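1. Kindly return the folded structure for what I paste below:
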Amino acid sequence: MSETVTSVLTNRVAWPSSFAGRLATFARTHRRQIELALATTLYLGFACYLTWPLATNLSHSIYGAPGDPYGTMAFFRELVEHHYNPFLPGTISQFGAPAGIPIPWPRDLASAPETLTLYLLTTVFGTIPAYGLYTLAGYTLTGTVTFLFARRLTANTWAALIAGWAFAFYPFADINGQGHLDFVHGWLLVLALWRMVELMWHPTRRNGLLAGLAVTLCMWWSPYFILFGGVLYVVATAVALFVAWRARCLRTMLVPQLIAALIVCVFIAGLGVLSSAGEIEGIGTRMHSTQELNFYAARPLEYFVPDVQSPLFGSDTRPYLETYPLAGSGIETTLYVGATVVLLALAALAAFVRRRLAPRLARAVLALALIAVVGIISSMQPEVRLFGVAVPFPSHFIAQITTTWRVYSRFVIVVMLAFSLLAAVGLDVLTRRRASWLKIGVMSLATIAIPLDLWAPQHGHVTRISTPAIYKTLAREPMGIVAEYPLAASSFNSYSDIFYQSAYGKPLIGGYLEGSFQERLSFSLADLSDPSTAPRLATLGVRYVLLDATPASWGAWPAAGEPGAGFRLIARGSYADLYRVTARPRSPALVAAGAGFGATLLTTGSVNWLERTSGTIDLVGTCTSCNGVLSMTLASYSQPHKVTVFDDHGRVLARGTVGASARVAIPLHFSRHTALRLVATPGPQPVSDTEGSPSVSVEVVNLEFASARQVGTHKAAHESGGGGAG
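-> Next up, the predicted model:
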């Protein structure tokens with residue numbers, strides 16, 4: 001019996017020892033996987049803390065405020081609910097009514113991975129949860145992939161963990177997670193850079209293929225990542241070729257680099273084709289002025305001057321930051337990369353200069369340092385005066401090719417990526433082969449100081465979404481087109497109108513694209529107190545008007561005025577008042593100058609300058625068979641122009657030479673909507689010698705469409721003398 005007891009006791013004592021041994025062996029064998037799991041958990045936990053209480057209420061809240069998030073969610077909701085394919089031509093009929101808005105399929109294809117991700121998330125989880133999950137995934141993936149790359153560079157887990165946190169949660173990322181989710185997904189840039197560094201270390205064909213695919217994935221994610229990924233690729237390739245040349249092994253490096261270059265060039269060529277397709281369909285790339293490029297450019301010191309609410313530096317920087325646009329604290333101008341991060345990066349550079357780094361790590365540090373410098377230079381204004389001489393910078397040369405990109409300060413994402421990885425190297429340099437107590441002390445100090453230095457006080461703006469009651473009232477009304485006021489330029493819109501459209505399920509004239517004819521047409525209807533607005537709304541088929549009680553406090557919001565004759569109040573609400581349009585249409589169709597014309601607002605008698613070789617004139621109405629006359633006044637700028645007007649089938653409707661002024665009348669027959677194309681020869685000429693000034697050819701004034709009966713009545717009245725008083 002005693003032997004049995006002894007045996008049991010021995011087994012009970014031995015079992016924990018055996019389990020601990022197995023656990024220790026498992027930990028040693030799977031150390032890297034355990035570190036990865038812990039790092040991912042840490043980043044996900046901090047992402048939840050940053051966006052709290054988003055994680056507890058994904059179905060009814062977002063990290064951010066009305067604006068771009070509402071527009072994004074509404075767009076993908078329509079695609080999913082109405083079974084539209086985002087990569088094929090089509091029309092979203094619920095927005096931009098009555099004509100609808102085209103699906104920007106060329107843009108969707110140009111950012112296919114991101115579009116597909118949001119589309120699938122919306123399909124599986126629903127509109128609002130998809131947006132929240134995409135936000136949390138961006139922060140978590142960015143931290144995790146940065147951690148893996150930093151650990152690959154330094155073999156220092158603690159330093160890599162700090163670098164991953166710094167790049168995932170630095171101020172620009174924290175704030176842009178509230179509206180510009182592209183820039184939360186920095187992991188794509190990390191992945192592209194990682195594969196380029198691996199190619200530099202090991203120039204094999206396999207690595208060339210992987211590098212090309214990684215760079216292509218990065219550039220494919222969103223339009224700005226084309227720019228960022230392109231800079232990373234060019235700098236990393238240049239460093240790899242330079243190092244290979246110095247080492248006399250350039251031939252070995254060339255073939256893998258050519259494989260990567262071929263993949264990237266084929267992708268860029270595909271983007272060019274998509275851009276051309278978009279221009280043909282009127283949904284091409286956006287154009288921006290030099291003034292915009294200057295305003296949204298970075299000033300180098302913005303990267304190194306702390307926020308006015310910094311926990312470490314207090315408000316000492318306020319006087320300096322207030323001299324910059326948006327006082328250096330806007331969503332596009334919060335560019336601080338951290339004094340602590342920069343100091344650690346300098347430690348890495350010092351080790352590089354003193355040749356204290358392994359050859360492989362030294363090459364990576366050289367690439368990272370050049371990427372940081374090129375990123376800062378690329379983010380600056382198109383021209384900077386140095387010693388009294390105007391020196392062009394990269395954005396100037398890019399703008400000669402395309403002005404698609406406007407906010408070059410967003411290059412901070414490239415700059416911060418380089419500094420975060422350099423900081424990991426610097427931490428490793430400072431702690432390598434040091435006493436344990438010193439190593440723990442330095443790492444602990446960095447773990448506390450870097451988060452305090454990079455803390456963004458603007459975080460934590462979570463919006464709880466609840467549908468205003470007035471939309472439920474509207475849902476009970478019979479079908480009809482809705483207009484929600486005040487009408488705003490599409491680039492200065494909170495997008496609440498299209499976001500809540502699903503609550504009542506009726507077509508909305510809002511949601512129009514920037515520069516589209518719907519936007520110009522809507523601005524001609526912006527003033528509800530104008531007696532002509534109600535009949536013109538009726539012409540479009542608008543049956544209901546919502547007048548918001550509290551318009552957004554930012555952006556370009558024309559005054560809506562008070563509804564007068566032609567409107568009847570249905571219901572009042574704390575969010576908006578609901579009116580019915582009781583006026584009758586006075587014309588079968590409304591006219592607006594569309595793509596190619598440079599007017600910002602369309603009002604009666606406004607001037608629309610043709611700023612391209614050709615422009616469109618759109619007519620939209622409720623008539624199933626519109627038969628009448630389009631009239632307009634044309635005038636040339638600087639010199640006479642030959643003007644030709646084509647219908648939507650390419651047939652010539654009018655042709656002639658326009659001098660100071662000419663009144664044109666064109667008989668038309670169409671159904672509901674048609675687009676004419678106006679071509680002027682010679683093309684646009686600069687208005688002045690100032691860089692960025694518009695180039696114009698002809699102006700279009702007083703666009704009107706009258707039915708054949710109206711034209712006949714007017715003609716009869718004129719011939720009988722009845723028109724003399726008018």
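2. Spatially nearest residue to Thr539, not counting backbone neighbours?
-> Pro585 (4.2 Å; CB to CB, 6 or more residues apart in numbering). The C-beta positions use only the backbone N, C-alpha and C, and glycine is treated the same way.
3. so the one you found touches Pro535, yeah?
-> Yes - judged on CB atoms under 8 Å, Pro585 makes contact with Pro535 at a distance of 6.0 Å.
4. Leu370 belongs to a helix?
-> Yes - looking at Leu370 with DSSP: H, G, I helix; E, B strand; the rest coil, it is inside a helix.
5. Checking Arg206 next. Helix, strand or coil?
-> Per three-state DSSP, Arg206 ends up helix.
6. what's the neighbour count on it?
-> 12 (other CB atoms under 10 Å).
7. ok, now how distant is it from Ala260?
-> Using CB to CB, to the nearest Å, Arg206 is found at 11 Å from Ala260.
8. Phi, psi for Tyr544 please.
-> Per-residue torsions, Tyr544: phi -130, psi 150 (degrees, to the nearest 10).
9. need the contact list for Thr216.
-> Ile263, Val264, Phe267 (CB atoms under 8 Å, 6 or more residues apart in numbering).
10. Quick check: the gap between the last one and Ala418.
-> Looking back up the chat, that one is Phe267. 23 Å.
11. neighbour count winner among the two?
-> Ala418 (27 against 19).
12. and the helix or strand harbouring the more buried one, what does it pack onto?
-> Using DSSP states H and E, Ala418 sits within helix 412-431. The contact analysis (3 or more CB pairs under 8 Å, 6 or more residues apart in numbering; DSSP states H and E) places helix 412-431 against helix 127-154, helix 157-169, helix 171-176, helix 187-201, helix 223-246, helix 339-353, helix 359-378, helix 436-454.
13. For those helices, give me CSV that also has mean neighbour count, distance to Val482 and mean pLDDT.
-> Shown next, in CSV, are the helices and strands packed on helix 412-431 (neighbours: other CB atoms under 10 Å; distance: least, CB to CB, whole Å; pLDDT from 0 to 100):
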stretch, mean neighbour count, distance to Val482, mean pLDDT
helix 127-154, 23, 19, 96
helix 157-169, 26, 41, 96
helix 171-176, 24, 32, 90
helix 187-201, 25, 39, 97
helix 223-246, 20, 31, 95
helix 339-353, 20, 50, 96
helix 359-378, 20, 44, 96
helix 436-454, 16, 45, 92
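14. Distance to Phe75 added to those, as TSV?
-> TSV is the format used below for the helices and strands packed on helix 412-431 (distance: least, CB to CB, whole Å):
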stretch	distance to Phe75
helix 127-154	10
helix 157-169	26
helix 171-176	19
helix 187-201	21
helix 223-246	15
helix 339-353	36
helix 359-378	30
helix 436-454	32
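15. With respect to Pro640, which of these lies nearest?
-> helix 223-246 (39.5 Å; CB to CB).
16. Could you tell me which other helices and strands whatever helix or strand comes next after the closest one packs against?
-> Of the helices and strands lying after helix 223-246 in sequence (DSSP H and E), the nearest is helix 250-280. Secondary-structure packing of helix 250-280 (3+ CB pairs under 8 Å, 6+ apart): helix 105-110, helix 187-201, helix 205-221, helix 223-246.
17. Could you tell me what pLDDT the model assigned to the residue most central in space within the chain?
-> When CA atoms, centre = their mean is applied to the chain, the residue found nearest the centroid is His180 (6.0 Å). Looking at His180, its pLDDT stands at 86.
18. which residues sit in contact with it?
-> Asp68, Ile331.
19. try Leu417
-> Thr146, Phe167, Gly186, Leu189, Val190, Leu193, Ile371.
20. what about it, distance to Trp194?
-> 11 Å.
21. just Leu386 next, same as before
-> Distance from Leu386 to Trp194, by CB to CB: 35 Å.
22. residues making contact with stretch 348-357?
-> Residues contacting stretch 348-357 (CB under 8 Å, 6+ apart): Ala362, Val365, Leu366, Ala369, Leu422, Ala423, Val425, Gly426, Val429.
23. what's the closest of those to Leu133?
-> For these, the residue nearest Leu133 by CB to CB is Ala423; the value is 29.5 Å.
24. Verify the stated contact: the closest one with Leu346.
-> No - assessed by CB under 8 Å, Ala423 is found out of contact with Leu346, at 9.5 Å.
25. Where do the helices of the stretch 501-650 of the chain begin and end?
-> 517-523, 533-540 (DSSP state H, counting those that start in this stretch).
26. I'd like to know which elements the longest one is packed against.
-> The reference is to helix 533-540. Packed next to helix 533-540, using 3+ CB pairs under 8 Å, 6+ apart, are strand 576-581, strand 589-593, strand 614-621.
27. mind giving me JSON lines with those strands and columns for mean neighbour count, mean pLDDT and distance to Leu653?
-> As requested, these are exported to JSON lines (neighbours: other CB atoms under 10 Å; pLDDT from 0 to 100; distance: least, CB to CB, whole Å):
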{"stretch": "strand 576-581", "mean neighbour count": "21", "mean pLDDT": "95", "distance to Leu653": "32"}
{"stretch": "strand 589-593", "mean neighbour count": "25", "mean pLDDT": "86", "distance to Leu653": "14"}
{"stretch": "strand 614-621", "mean neighbour count": "22", "mean pLDDT": "87", "distance to Leu653": "10"}
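28. And for Thr40, the neighbour number?
-> 17.
29. Surely it forms part of a helix?
-> Yes - assessed with three-state DSSP, Thr40 lies in a helix.
30. where along the stretch 1-150 of the chain do the strands fall?
-> For the stretch 1-150 of the chain, applying DSSP state E, counting those that start in this stretch gives strands covering 61-63, 91-92, 101-102.
31. among these, which is nearest Arg22?
-> The nearest among the strands of the stretch 1-150 of the chain, by CB to CB, is strand 61-63 at 42.4 Å.
32. Okay, now the unreliable bits of the stretch 351-500 of the chain?
-> 457-460, 490-493 (pLDDT under 70).
33. for the contacts of Leu417, which one is nearest Arg77?
-> Of these, the one sitting nearest to Arg77 (CB to CB) turns out to be Gly186, at 26.5 Å.
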